[in-house]
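In: Dropping a prediction and its sequence here:
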Amino acid sequence: MGKPPQPFADAAATFDASGAFVSPGKTRVYRQYGLTLVMGEREGVGFRDAFTDQYFINCHCNGGVFNLGHRNRELTECLKAALDEVDIGNHHLVSGWRAALAEKLCRSTSGHLSGVVFGVGGGEAIDLAIKVCRAATKRRKVISVNGGYHGHTGLAVAAGDPSFREPVLCSEPDFHQVPFNDLQAMDRAVTDEVAAVLVEPIPATLGMPLPEPGYLEGVARVCRDRGAKLIVDEVQTGLGRTGRLWAYQHHDFQPDVLVSGKGLSGGLYPISATLMTSDLHSLFDAEPFIHISTFGGSELGCRVASKVLELVDHPAFLANVEAIGARLERGMQGLPFELRRRGLMMGLKFPAEGAGMLAMRLLIKQGLFVLYAANDTSVVQLLPPLVLQPEQADDVLARLRAAFPA
Ligand SMILES: Cc1ncc(COP(=O)(O)O)c(C=O)c1O
């Protein structure tokens, strides 16, 4: 690994500056928890603390941003070549790179979703998903799941948990939440005023509860019966995380809209995508200039994202995600939590509220970088890089066992 320079002399000075100019609250909380970690060298499945040099296996991956590891060689080569040849491009003009990536994304849904609009981050891609559903249905209401998280932007934050939107007075009357896995509640909520239902196939911030058999198919049926559109938020679950390219592909239904972000960037260049049916995409036939984004679908981002798709949309890659997940599951037997797992999307569910926060600290001490689930503090989110090798998976297991000795 190459050690990147640091602008401050030590962790204390870094935290002081961050507290003064970026986020006093965040730095105070991290100091309180003894998490005075600053990311330094990074490569493959891990990174080092810039000042203590402690090594961490990245088992959160920023919710999937680092699915292919840090500074994946094929992706950095791709970005370096792109930097020698193009730049962001011009969003007013047609771009071959953008079109080529959009075609690849549509093919990954077997052509069911046939139009793509690019953005920079996941939240704005969710905003657009809601906009097209409203435009097509001429309805306003949106139903999502309690404890979900879909981003910090206008419509996305309105669809999330009250803890994210109430402090900023963003409680929109047209947005309602129902409990995950409760099909009856969904059935009651989806009236003929509902434009869209927005779900993560596995809600990450809610602690990775797996959908019960038939639940997502049932939600799709309810949407179809009432003329509402179904948006799947695959910002965390997509791009191979669950052992299929898209998590909805474990099930027997087709979404109207799919949102991708995080991992599409390869951890190197921000980009997000909203994929939709031709019916929804046709909004832009009549109104081609009503949703524009200066940086969305930049040519640099499209080149990296195309490489990401090429690497992950491959049967051997996806089979390996499941094989490594199964190896981890076998090795976790006897540890003091219930494992929620699909592929390498995992939640460690501890018996008590708040226990996920304590477990997170124990795991970080052992060099496993993890985060607890914000909307279920009994759960630690475990999202290792999808490129984890068997011996690295065994290292993860050894660190888990060291954190929770028998
Ligand atoms: C499921 C999900 N959707 C949407 C978003 C928003 O993405 P972004 O932070 O890129 O706006 C996130 C971010 O954590 C997410 O986890």
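Out: Sure thing, it's come through.
In: alpha carbons only for contacts and neighbour counts from here, please
Out: Will do.
In: So which residues make contact with stretch 138-156?
Out: Contact with stretch 138-156 is made by 122-124, 126-127, 130, 134, 157, 159-161, 174-180, 189-190, 193-200, 203-206, 233, 375, as judged by Cα atoms under 8 Å, 6 or more residues apart in numbering.
In: Now the terminal residues of that stretch, how far apart.
Out: Stretch 138-156 has an end-to-end distance of 19 Å (Cα to Cα, to the nearest Å).
In: Show me which residues of it are buried.
Out: Of all the residues in stretch 138-156, those buried under the rule 16 or more other Cα atoms under 10 Å are 139-152, 155-156.
In: now swap in stretch 170-190 and tell me
Out: Judged by neighbour count (16+ other Cα under 10 Å), stretch 170-190 contains these buried residues: 171-172, 175-178, 180-181, 183, 186-187, 189-190.
In: which residues touch Ile231?
Out: 129, 196-199, 255-259.
In: Which of the contacts of stretch 138-156 are buried? Put it as a PyMOL command.
Out: This is the PyMOL syntax for the buried subset of the contacts of stretch 138-156, where burial follows 16+ other Cα under 10 Å:
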select buried, resi 122+123+124+126+127+130+134+157+159+160+161+175+176+177+178+180+189+190+193+194+195+196+197+198+199+200+203+204+205+206+233+375
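In: Narrow the contacts of stretch 138-156 to those in strands?
Out: Within those, residues falling in strands by DSSP state E are 175-178, 194-199, 233.
In: Would you reformat those as JSON lines and include pLDDT and distance to the ligand?
Out: Putting these into JSON lines (pLDDT from 0 to 100; distance: Cα to the nearest ligand atom, whole Å) gives the following:
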{"residue": "Phe175", "pLDDT": "96", "distance to the ligand": "16"}
{"residue": "His176", "pLDDT": "97", "distance to the ligand": "17"}
{"residue": "Gln177", "pLDDT": "96", "distance to the ligand": "15"}
{"residue": "Val178", "pLDDT": "98", "distance to the ligand": "16"}
{"residue": "Val194", "pLDDT": "98", "distance to the ligand": "20"}
{"residue": "Ala195", "pLDDT": "98", "distance to the ligand": "19"}
{"residue": "Ala196", "pLDDT": "98", "distance to the ligand": "16"}
{"residue": "Val197", "pLDDT": "98", "distance to the ligand": "14"}
{"residue": "Leu198", "pLDDT": "98", "distance to the ligand": "10"}
{"residue": "Val199", "pLDDT": "98", "distance to the ligand": "9"}
{"residue": "Asp233", "pLDDT": "98", "distance to the ligand": "6"}
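In: Next, give me the two most distant ones among those.
Out: By the measure Cα to Cα, Val194 and Asp233 form the most distant pair in the ones in strands among the contacts of stretch 138-156, at 17.6 Å.
In: quick check, Ala273 in a helix?
Out: No - counting by DSSP: H, G, I helix; E, B strand; the rest coil, Ala273 is not part of a helix but strand.
In: Show me the beta-bridge partners of Leu371.
Out: Beta-bridge pairing of Leu371 under DSSP bridges involves Gln381.
In: which ones are touching it?
Out: Leu371 touches 60, 357, 360, 380-382, counting by Cα under 8 Å, 6+ apart.
In: farthest pair in those?
Out: Pairwise distances among the contacts of Leu371 were taken by Cα to Cα; the largest, 14.0 Å, belongs to His60 and Met357.
In: Who has more neighbours out of these two?
Out: Using other Cα atoms under 10 Å as the criterion, His60 and Met357 rank with His60 on top: 23 against 20.
In: Contacts only, for that one.
Out: His60 neighbours (Cα under 8 Å, 6+ apart): 369-371, 381-384.
In: Cross the buried residues of stretch 138-156 against strands and list the overlap.
Out: Per DSSP E, strands hold the following members of the buried residues of stretch 138-156: 141-145.
In: Contact partners for the spatially most central residue of the chain?
Out: The residue lying closest to the centre of the chain (Cα atoms, centre = their mean) is Gln236, at 2.3 Å. The neighbours of Gln236, taking Cα under 8 Å, 6+ apart as the test, are 63-64, 204, 260-263.
In: Figure out how far the helix or strand hosting Met360 is from the centre of its chain.
Out: Met360 is part of helix 355-365, with elements assigned from DSSP states H and E. Once both centres are worked out by Cα atoms, centre = their mean, to the nearest Å, helix 355-365 turns out to sit 21 Å from its chain's centre.
In: buried sites along that helix?
Out: Those would be 355-357, 359-365, for helix 355-365 by 16+ other Cα under 10 Å.
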